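Novice: my questions are about this predicted structure, shown below with the sequence.
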Amino acid sequence: MLTKSILKTNRFTAYKISLDSAQTRRGFVYDLTLQEARDFPLGVQKDDVGPFTWSYGINGGVKI
């Protein structure tokens with residue numbers, strides 16, 4: 001018997017992690033599917049704040 005999942009499909013959040021020692025999280029993009037979150041570019045990126053890398057999770061970017 002199959003049961004319907006109670007998990008929300010669009011539950012992932014992508015965010016930028018600064019590459020300094022504080023590893024500040026910023027630039028949050030909410031309500032993504034897993035595939036949408038995985039589509040963000042890998043590796044070091046740079047914006048007007050400085051170098052960062054994209055990450056994602058289901059905790060809204062809060063450090064665990």
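Specialist: All right, it came through fine. Here the structure is a predicted model, which is why all the values come from computation and not from measurement. Numbers count the residues shown, from 1 in each chain.
Novice: and the helices in this protein, which stretches?
Specialist: 34-38 (DSSP state H).
Novice: any weak-confidence spans in it?
Specialist: 1-5, 7, 61, 63-64 (pLDDT under 70).
Novice: buried residues in stretch 30-46?
Specialist: By neighbour count with 16 or more other CB atoms under 10 Å, stretch 30-46 contains the buried residues 32, 37, 40. All C-beta atoms are positioned from the backbone trio N, CA, C, and that covers glycine.
Novice: same deal with stretch 11-24?
Specialist: So for stretch 11-24, counting by 16+ other CB under 10 Å, buried means 11-18.
Novice: and that stretch, how far out from the chain's middle?
Specialist: 8 Å (CA atoms, centre = their mean, to the nearest Å).
Novice: distance of residue 43 relative to residue 52?
Specialist: 10 Å (CB to CB, to the nearest Å).
Novice: how about the strands in this structure?
Specialist: 12-18, 25-32, 45-46, 51-57 (DSSP state E).
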